[in-house]
Structure formats: C-alpha cells, structure tokens
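pasting the sequence and the predicted model now:
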Amino acid sequence: MRLALLISGGGTTAAAIIAEAAKGKLRGIEPALLISSNPEAAGIERAKKSGMPGASVHVVNPREFRSARDFGQALL
C-alpha cells in the first residue's frame, strides 16, 4: 500500500514510518508522499534524512488559499 504522510511540525512519527519501511519492517507499506502544511516544519528535513526522496516531499501552505475548503481540495 502506498502511503501519504501529513505533517505540520516535527514529523517524528512520519520519519519513524519511513525508516521502518525502508528496513522492511512494515511489509506492504510504501511511504510514497509527504505533505507538510508548514514550509518551516522540521519534519521535512527529518523525512528526507529518513529516506524519503526530496521529489516526494511537498508543502501545501494553507495561507495560500482563500478558504479551508480550497486548502482541503488542494490536498486531494
């Protein structure tokens, strides 16, 4: 199963999932995408260091949208 991870801060849980999947400990789980709502989130770099390719890391800043609904649609 390809997995999208959502973070807004430290991303410690996302980093742990990425690292454990890379070790083969989460059979059938492939962390494929990381989305942060915070461009300054420490979890972005943490995820990359845990093995998430930079091209799979995206920032979707809610401040760039007129409404929460528009932000939600961008995440989909």
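Everything's here; your move.

so for the residue minimising distance to the centre of the chain, what's the pLDDT?
When C-alpha atoms, centre = their mean is applied to the chain, the residue found nearest the centroid is residue 34 (2.1 Å). What the model reports for residue 34 is a pLDDT of 97.

what are the boundaries of the helices in this protein?
12-22, 42-49, 68-75 (DSSP state H).

take those helices and lay them out in CSV including mean neighbour count, mean pLDDT and distance to residue 3.
Where you see a C-beta, it was placed from the backbone N, CA and C, and this is true even at glycine. Formatted as CSV, the helices of the chain follow (neighbours: other C-beta atoms under 10 Å; pLDDT from 0 to 100; distance: least, C-beta to C-beta, whole Å):
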stretch, mean neighbour count, mean pLDDT, distance to residue 3
helix 12-22, 18, 95, 7
helix 42-49, 18, 94, 12
helix 68-75, 12, 94, 15
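
save the ones you listed as TSV, and put in distance to residue 28 too.
As requested, the helices of the chain are arranged in TSV below (distance: least, C-beta to C-beta, whole Å):
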stretch	distance to residue 28
helix 12-22	9
helix 42-49	20
helix 68-75	24
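
how about these, which one is nearest residue 1?
Evaluated over those, closeness to residue 1 peaks at helix 12-22, with 10.5 Å, by C-beta to C-beta.

need the CA coordinates for the closest one. PDB is fine.
Extracted in PDB, the C-alpha atoms of helix 12-22 (Å, rounded to 0.1, in the frame of the first residue of the first chain):
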ATOM      1  CA  THR A  12       8.800  12.300  14.200                       C
ATOM      2  CA  THR A  13       6.100   9.700  13.500                       C
ATOM      3  CA  ALA A  14       6.400  10.100   9.800                       C
ATOM      4  CA  ALA A  15      10.200   9.700  10.000                       C
ATOM      5  CA  ALA A  16       9.800   6.600  12.000                       C
ATOM      6  CA  ILE A  17       7.400   5.100   9.500                       C
ATOM      7  CA  ILE A  18       9.700   6.000   6.600                       C
ATOM      8  CA  ALA A  19      12.700   4.500   8.400                       C
ATOM      9  CA  GLU A  20      10.900   1.300   9.400                       C
ATOM     10  CA  ALA A  21       9.500   0.800   6.000                       C
ATOM     11  CA  ALA A  22      13.000   1.200   4.500                       C
END
